[in-house]
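Visitor: compute the structure for the input listed below.
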Amino acid sequence: MPKVTEAIPDPVLNVKSALTAAGVEDTVRIFTAKVPTAASAASVLGCEVAAITNSLIFDLDGKPLLILASGAARVDTALVANLLGTGKIRRAKHDFVLKHTGQEVGGVAPVGHPNHIRTILDVSLKQHPVLWAGAGDHNSMFSITYDQLQRITNAEALQVR
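Guide: Numbers count the residues shown, from 1 in each chain. Here you go, the predicted model:
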């Protein structure tokens, strides 16, 4: 496993603060190697790709929608829109993601954003006792349980594929 580094970027500090403020253990790990994809994160962490929680920002009528999805799945936005009873859900552009999360695409975390974002949690993630999620940049991840993740994000559990 790559060496954990000492430097802590601001977006990662925000995630660490959000975790402790929510009453969960700060398990953030910062690596020298980048882990911007579920496959690269799983490789570094030695876990299944399906246990990686991708934090995907979508544009729903000009407002952000965060979908926490298994790294092994592709989100079916039409299905999610239908289940939510909303309009079309579009993949957000880079500047939209940065504005609403304060984090770069590929390093978006489920928490640590300037304001709360409506969040959907992929029910397929429940089968993993430990989940890994991005922690605010391309080099950071944290571990958490499904129930903790749902609680700290106030997420709605939903089928996303």
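
Visitor: the closest residue to Lys126 other than its chain neighbours and Leu60, how far apart?
Guide: Setting aside the residues directly before and after it, Lys126 is nearest to Tyr146 in space (C-beta to C-beta, 6 or more residues apart in numbering), at 4.8 Å. Where C-beta positions appear, they are placed from N, C-alpha and C, glycine not excepted. Per C-beta to C-beta, to the nearest Å, Tyr146 is found 23 Å from Leu60.

Visitor: looking at the two, which is more packed in?
Guide: Ranked by neighbour count (other C-beta atoms under 10 Å), Tyr146 and Leu60 place Tyr146 first, with 21 against 18.

Visitor: surely Ser124 and Val75 touch.
Guide: No - taking contacts as C-beta atoms under 8 Å, Ser124 lies outside contact range of Val75: 11.1 Å.

Visitor: the two: who's more crowded?
Guide: Val75 (20 against 15).

Visitor: any idea of the pLDDT on the more buried one?
Guide: As predicted, Val75 sits at a pLDDT of 97.

Visitor: coming back round to it: for the residue nearest to Lys126, list the residues it contacts.
Guide: Shown in contact with Tyr146 (C-beta atoms under 8 Å, 6 or more residues apart in numbering): Leu121, Leu125, Lys126, His128, Leu131.

Visitor: can we see that at 7 Å?
Guide: Neighbouring residues of Tyr146 by C-beta atoms under 7 Å, 6 or more residues apart in numbering: Leu125, Lys126, Leu131.

Visitor: inside strands: which ones of these?
Guide: Leu131 (DSSP state E).

Visitor: I'd like the contacts of Tyr146 as CSV, with neighbour count and pLDDT appended.
Guide: Listed next are the contacts of Tyr146 as CSV, based on neighbours: other C-beta atoms under 10 Å; pLDDT from 0 to 100:
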residue, neighbour count, pLDDT
Leu125, 26, 98
Lys126, 16, 98
Leu131, 24, 98
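
Visitor: count the residues that sit near Ile89.
Guide: Ile89: 22 surrounding residues under other C-beta under 10 Å.

Visitor: just give me the residue closest to the centre of the chain.
Guide: Closest to where the C-alpha atoms of the chain average out (C-alpha atoms, centre = their mean) is Ser55, at 2.8 Å.
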